[in-house]
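S.K.: Turn this into a structure:
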Amino acid sequence: MALSTLAQSQVRPVGSPNGLRIAFVNVQWGDGIVIVGPTGTCMVFDGGPNGMGTQAMVPAMKKLGVSRIRYVVASHYHGDHIGGIDEVMNALPFDEVWDRGTRNTSGFAGSYTTYVNAAGSKRKTVSLGQVFDLGGGAKATVLAYDGNVLGSSTRHAIDSTSNYENSASIVVRVDYGDFSCWLGGDLTGGGSRYDMETPVSRVCGDVDVYLANHHGWDDGSNQNLLDTIDPEVCVISCSHKNTHNVPHRATLDRMSTTTKNRLVISTTPGAGEPGFTSGGTMLLATDGWRYTISSETGASVELYTDEFAGNTPTPGDLVISEFQREPSFFWGEYIEVFNRSGSPINLRGLVVRANNGSFEVAAPYRLLPRRSLLLAQHGDASRNGGLPFAHSWPARAVILHDDADNIEVAHGSKSLERVSYGSGFAGGLGKAAERVDVEIGAASNNFETATRTYGSKDYGTPGAANSVASPLAWPLRVGVERLDAATPGGGALHFFESTNRWTGKVIALGLSLGKTPGIPVGPTLIPLRADALFAIVDGAPGFVGVVPPEGLQAIRLPIPKNSGLTGLPAFCACYIYDPKGPPFVPEASDAVRFVFP
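M.R.: Residues are numbered from 1 along each chain as shown. Below you'll find the predicted structure:
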């Protein structure tokens, strides 16, 4: 296939992915999930308690553009899961209603009766292995219901057990490309309850996201399940200041450990235990190889699916850009890390150490060039001084000393950076230490005390540009992200151009098979060879753009299997073009080597 044809197929590989969307709706005490497939097919999985169908579920669906519901699924018959379903069905047209059937329902009334009446003749019983087609390649598969588990002909003896109804919950696995998610109602995991989690987890296998069974209660999310499905993200749906003290401390401690610090997020702050992040209704969007999770406040994080390796950080790529060691709020400590490289990096396996402890991040964050990630002692804004959405490390895993400590970030055996502070170092009571220039080292004279306030009026700029940041220009950088042919969407190369100046100027991407002798344009040397590949892409549509205000430009170059380029090494560089020169090319990046997928 001709390179000139490749050069014409460009889309930006940044922003919210297009494809499958899942809303974990804040229904207070209960579960309510809205799933919208790539072609608009909608599934509602539980509807929260009475009143929340109208108050929370329907508004969430309208926000997602849902005008008709293809599937309504009731995980089980407790009122905090089906109380709002009739309100949903009364508000929007629906096609099918699915549940566990009528076993052991005699004497049920209230929400159950209202649900049955609203479902009418459209109500059906699920079957093992049943696949709900969500359109565009997305699907939800029934793994278990009412004690039945896919792959087994023997029904589990849950009828006379404690809390049968929870044990009877329907479990589905949602899949789209390499992305997968567990939805399991109030499925039980042992203790005083029947252990349904262990056998169901075995037929489920690894997933990216796990909606916590039974709202984070300690009779669910057992160790067998967490080890087997091994999610990178755990989502909890529960009410604020609930009397059940959910999520329970034991559950949180299983979900996130010092050696496997998962992203644990909840729709509310729960009953007050630390070690997770709260964000209201959360919207997940995925294109099958990456996904974003956005909180109700609009803050978001981006992650890879666990099949995607991406670029791991090397020394010099990731730096400590800010830290709050003595906040006014007890749970307000935070550490901010910044990607100063030209390429996105995968933060799975990132180790953070201080003198009294450490933790290893299990969530595969996709950290874009010139962007930061906030790591916090606790992710509840009402208890951490008003921090924005942050990744919470395990409770008490790291406590920064007020007077002197060492903070280190590492990946595997590689130390990425270490900041040592003591008497006279920037920051202090209620004041963060901010890095002045991310391009130079972590010496004490490169940190100053924050001058702006956030949240509850401590000083700092968590998740934002530092208040003491140097006005000096960063070097123009180029980076590459390689997607193999097996990646959903096919093989591709993503090129990234980043700068903190030149806004509104023309920026061009060049490719060549070598980087010497270089191409001189006035005083600037473009570090590429003027060969046939360079000639094809030079000025081609998609390879030339304008530097946006945020300073990050991204280009996607699809590489079909029959392109004849697979395995070919090459180089890329970007450069600023100013037609009002001289100089006509005032700056060029260094060259970066890559291999065609």
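
S.K.: Look up how far residue 171 lies from the closest residue to residue 45 other than its chain neighbours.
M.R.: Using Cβ to Cβ, 6 or more residues apart in numbering and skipping the chain neighbours, the partner closest in space to residue 45 is residue 33 (4.3 Å). From N, CA and C alone the C-beta is placed, and that goes for glycine too. With distances taken as Cβ to Cβ, to the nearest Å, residue 33 is found 13 Å from residue 171.

S.K.: who touches both of these two?
M.R.: Listed as contacting both residue 33 and residue 171 by Cβ atoms under 8 Å, 6 or more residues apart in numbering are residue 183.

S.K.: Can you name the next helix or strand after the strand or helix carrying residue 180?
M.R.: According to DSSP states H and E, residue 180 maps onto strand 179-183. Using DSSP H and E, the helix or strand that follows strand 179-183 in sequence is helix 197-204.

S.K.: Taking their axis directions, that following helix and strand 179-183 sit at what angle?
M.R.: 150 degrees (axes from the mean of the first three to the mean of the last three Cα atoms, to 10 degrees).

S.K.: by contact count, what packs against helix 197-204?
M.R.: In terms of contacts (3 or more Cβ pairs under 8 Å, 6 or more residues apart in numbering; DSSP states H and E), helix 197-204 is packed against strand 138-145, strand 148-149, strand 171-176, helix 223-229.

S.K.: outside of it, which residues touch it?
M.R.: 143-144, 149-152, 156, 171, 173, 182, 184, 187-190, 213, 220-222, 224-225, 228-229.

S.K.: Go again with 7 Å.
M.R.: 143-144, 149-151, 171, 173, 182, 187-189, 213, 220, 222, 224-225, 228-229 (Cβ atoms under 7 Å, 6 or more residues apart in numbering).

S.K.: Isn't residue 131 up against residue 141?
M.R.: Yes: between residue 131 and residue 141 there is a contact under Cβ atoms under 7 Å: 5.3 Å.

S.K.: More neighbours: which of those two?
M.R.: residue 141 (18 against 11; other Cβ atoms under 10 Å).

S.K.: which ones are touching that one?
M.R.: Here residue 141 is in contact with 129, 131, 172, 173 (Cβ under 7 Å, 6+ apart).

S.K.: Name the stretch among the helices and strands packed on helix 197-204 that sits most buried.
M.R.: strand 171-176 (a mean of 25; mean count of other Cβ atoms under 10 Å).

S.K.: Can you tell me the strand partners of that strand and which way each runs?
M.R.: Here strand 171-176 is paired, per DSSP bridges, with strand 138-145 (antiparallel), strand 179-183 (antiparallel).

S.K.: what sits up against that strand?
M.R.: Contacts for strand 171-176 (Cβ under 7 Å, 6+ apart): 19-20, 35, 137-144, 180-184, 187, 200, 204, 207, 286, 288.

S.K.: Let me see the domain layout of the protein.
M.R.: Domains of the chain are assigned by automatic domain parsing as 3-12+473-595, 20-286, 309-459.

S.K.: Can I get those in TSV including mean pLDDT?
M.R.: TSV is the format used below for these (pLDDT from 0 to 100):
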stretch	mean pLDDT
domain 3-12+473-595	91
domain 20-286	97
domain 309-459	97
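
S.K.: can the ones you listed go into JSON lines with extra columns for distance to residue 296?
M.R.: Formatted as JSON lines, these follow (distance: least, Cβ to Cβ, whole Å):
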{"stretch": "domain 3-12+473-595", "distance to residue 296": "23"}
{"stretch": "domain 20-286", "distance to residue 296": "3"}
{"stretch": "domain 309-459", "distance to residue 296": "10"}
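
S.K.: which one of those lies closest to residue 303?
M.R.: domain 309-459 (5.3 Å; Cβ to Cβ).

S.K.: how far is that closest one from where the chain is centred?
M.R.: 18 Å (Cα atoms, centre = their mean, to the nearest Å).

S.K.: End to end on it, go ahead and measure it.
M.R.: Criterion Cα to Cα, to the nearest Å; first-to-last residue distance in domain 309-459 is 37 Å.

S.K.: repeat for stretch 526-542
M.R.: End to end - Cα to Cα - stretch 526-542 spans 19 Å.

S.K.: What are the buried residues along it?
M.R.: Residues of stretch 526-542 classed as buried: 526, 527, 528, 529, 533, 534, 536, 537, 538, 540, 542 (neighbour count, 16 or more other Cβ atoms under 10 Å).

S.K.: Quick one: the helices in this structure, in order.
M.R.: For the chain, helices defined by DSSP state H occupy the ranges 3-6, 52, 58-63, 79-82, 85-91, 111-119, 164-167, 197-204, 223-229, 249-255, 532-537.

S.K.: now these in a markdown table, with distance to residue 237?
M.R.: Compiled in a markdown table, the helices of the chain are given as follows (distance: least, Cβ to Cβ, whole Å):
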| stretch | distance to residue 237 |
| --- | --- |
| helix 3-6 | 45 |
| helix 52 | 11 |
| helix 58-63 | 13 |
| helix 79-82 | 9 |
| helix 85-91 | 15 |
| helix 111-119 | 17 |
| helix 164-167 | 14 |
| helix 197-204 | 17 |
| helix 223-229 | 17 |
| helix 249-255 | 13 |
| helix 532-537 | 48 |
